[in-house]
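K.L.:
Compute the structure for the input listed below.
(one chain, ligands or ions: 1)
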Amino acid sequence: MTEPSPPARAGSPATVEPTPTPRTPAGGAGLAALLTAPEKALVALDYDGTLAPIVSRPGDAVPAPGAMAALRRIARRVGTLAIITGRPVEAVLELTEAERFTDLDRLFVLGQYGLQRWDAETGQTVSPEPLPGVNALRGALAQALVDAPAGTSVEDKGHALVVHVRRTADPDAALAALAPALSRLAQEHGLEAAPGKRVLELRPPGHDKGGALRTLVAQRQARSVLVAGDDLGDLPAFDAVDELRAGGIGGITVCSDSPEVPEVLRSRADLVVGGPAGMVTLLEVLADRIGA
Ligand SMILES: O=P(O)(O)OC[C@H]1O[C@H](O[C@H]2O[C@H](CO)[C@@H](O)[C@H](O)[C@H]2O)[C@H](O)[C@@H](O)[C@@H]1O
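P.N.:
Predicted coordinates:
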């Protein structure tokens, strides 16, 4: 995958997209804070379903066309960029090729729900040792899935194991049938079972995107945040935005919409965009508005 350098936007763009209108006053204030002082803003995006379209194999989930170019544009003016994701850092770096782009030097990838952290400036990843329970779970999980519907697969993320059912004949039925036993198994190994889009993640408890976001906002002394997501795992980050607003930091939440998005997430968002392609458009509009 190669993306050309983002175009220079010296003059007026040929087509001017309207500035999006958040549906809550708090979201409007958050957007205004971001547009007024982008150098003090943090733009935090989810990966799967937000920067990259959902596909049947995790290894094939490359960024939407124009996504990296749009990120690189806003990086010219925005203080901090982050990809806050359930994916391992290594997977996001491979799929986005973010290490190639020297203009993304203020990008952080907070992987595995904040367990891992990659900082573009240093090129270093901080990642703890996996919980011992994950190793023990590996064998037990293979055994538990012997009779699972055809098409069930396991994604091994080192710190967590994800059971995927998207490629089964009836993903909803497959998940419903597998969930009780997998939840028990997770618990027995000191892990929690967290549902996502056509997946059940067996992962360490005590880490979520809300904690990851709060830590980064504090470290970067951000005065406004934009958070975009598409799944249940993004809700804690939306909660964190509410708390940050209460503390005087501007916040805006964005839902990257699709028929699979949980209603609870869609209804919580200040802005709803049409999936990763809509996210790219939003990033481009923001780039126009901040003169990036
Ligand atoms: O926090 P995210 O960046 O959204 O990551 C959450 C999980 O996303 C991935 O699964 C989802 O995307 C896959 C590829 O499009 C899709 O096949 C699957 O059905 C989706 O649930 C990923 O594989 C997980 O490891 C992430 O935790």
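K.L.:
Please compute how far the helix or strand where V225 lies lies from its chain's middle.
P.N.:
Take DSSP states H and E as the rule and V225 turns out to sit in strand 224-229. The chain centroid and the centroid of strand 224-229 are separated by 10 Å under Cα atoms, centre = their mean, to the nearest Å.
K.L.:
Could you point out the helix or strand that follows it?
P.N.:
Strand 224-229 is succeeded, C-terminally, by helix 235-246 (DSSP H and E).
K.L.:
Let me know the angle separating that following helix from strand 224-229.
P.N.:
Orientation of helix 235-246 against strand 224-229 (axes from the mean of the first three to the mean of the last three Cα atoms, to 10 degrees) gives an angle of 160 degrees.
K.L.:
name the helices or strands packed onto the strand holding V225?
P.N.:
helix 25-36, strand 41-45, helix 209-220, helix 235-246, strand 250-256, helix 275-289 (3 or more Cβ pairs under 8 Å, 6 or more residues apart in numbering; DSSP states H and E). Quick note: C-beta positions are derived from backbone N, CA and C, even for glycine.
K.L.:
now the ones you listed as CSV including distance to the ligand?
P.N.:
Formatted as CSV, the helices and strands packed on strand 224-229 follow (distance: least, Cβ to the nearest ligand atom, whole Å):
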stretch, distance to the ligand
helix 25-36, 21
strand 41-45, 9
helix 209-220, 7
helix 235-246, 10
strand 250-256, 9
helix 275-289, 10
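K.L.:
Any idea which of these gets closest to R117?
P.N.:
Closest to R117 of these is helix 209-220 (Cβ to Cβ; 8.1 Å).
K.L.:
which residues are in contact with the closest one?
P.N.:
Residues from elsewhere that reach helix 209-220, judged by Cβ atoms under 8 Å, 6 or more residues apart in numbering: 42, 44, 46, 79-80, 82, 84, 108, 110, 113-114, 222, 225, 227, 229, 233-234, 236-237, 239-241, 243-244, 249.
K.L.:
Swap in 7 Å and give it another go.
P.N.:
42, 44, 79-80, 82, 84, 108, 110, 113-114, 225, 227, 233-234, 236-237, 239-240, 244, 249 (Cβ atoms under 7 Å, 6 or more residues apart in numbering).
K.L.:
buried sites along that helix?
P.N.:
Residues of helix 209-220 classed as buried: 209-214, 216-217, 220 (neighbour count, 16 or more other Cβ atoms under 10 Å).
K.L.:
Tell me which residues touch the residue in the stretch 51-200 of the chain that the ligand sits nearest to, please.
P.N.:
Of all residues in the stretch 51-200 of the chain, G86 sits closest to the ligand, at 2.4 Å by Cβ to the nearest ligand atom. G86 makes contact with 112-113, 201, 233, according to Cβ under 7 Å, 6+ apart.
K.L.:
Helix, strand, or coil at it?
P.N.:
Classification of G86 by DSSP: H, G, I helix; E, B strand; the rest coil places it in coil.
K.L.:
most packed of the helices and strands packed on strand 224-229?
P.N.:
Of those, the one with the most neighbours on average (mean count of other Cβ atoms under 10 Å) is strand 250-256, at a mean of 29.
K.L.:
Tell me the residues of the chain that contact the ligand?
P.N.:
46-49, 54-56, 58, 61, 85-87, 155, 157, 162, 164, 166, 196-199, 201, 231, 233 (Cβ under 6 Å from any ligand atom).
K.L.:
any idea how far the residue most central in space within the chain lies from Q116?
P.N.:
Nearest residue to the geometric centre of the chain (Cα atoms, centre = their mean): D46, 1.4 Å. D46 is 15 Å from Q116, where distance means Cβ to Cβ, to the nearest Å.
K.L.:
now the helices and strands packed on strand 224-229 in JSON lines, with distance to D172 and mean pLDDT?
P.N.:
Formatted as JSON lines, the helices and strands packed on strand 224-229 follow (distance: least, Cβ to Cβ, whole Å; pLDDT from 0 to 100):
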{"stretch": "helix 25-36", "distance to D172": "32", "mean pLDDT": "97"}
{"stretch": "strand 41-45", "distance to D172": "27", "mean pLDDT": "98"}
{"stretch": "helix 209-220", "distance to D172": "25", "mean pLDDT": "98"}
{"stretch": "helix 235-246", "distance to D172": "20", "mean pLDDT": "98"}
{"stretch": "strand 250-256", "distance to D172": "21", "mean pLDDT": "98"}
{"stretch": "helix 275-289", "distance to D172": "21", "mean pLDDT": "97"}
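K.L.:
Dump the ones you listed to JSON lines, plus distance to E121.
P.N.:
What follows is the helices and strands packed on strand 224-229, written out as JSON lines (distance: least, Cβ to Cβ, whole Å):
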{"stretch": "helix 25-36", "distance to E121": "22"}
{"stretch": "strand 41-45", "distance to E121": "15"}
{"stretch": "helix 209-220", "distance to E121": "12"}
{"stretch": "helix 235-246", "distance to E121": "23"}
{"stretch": "strand 250-256", "distance to E121": "24"}
{"stretch": "helix 275-289", "distance to E121": "21"}
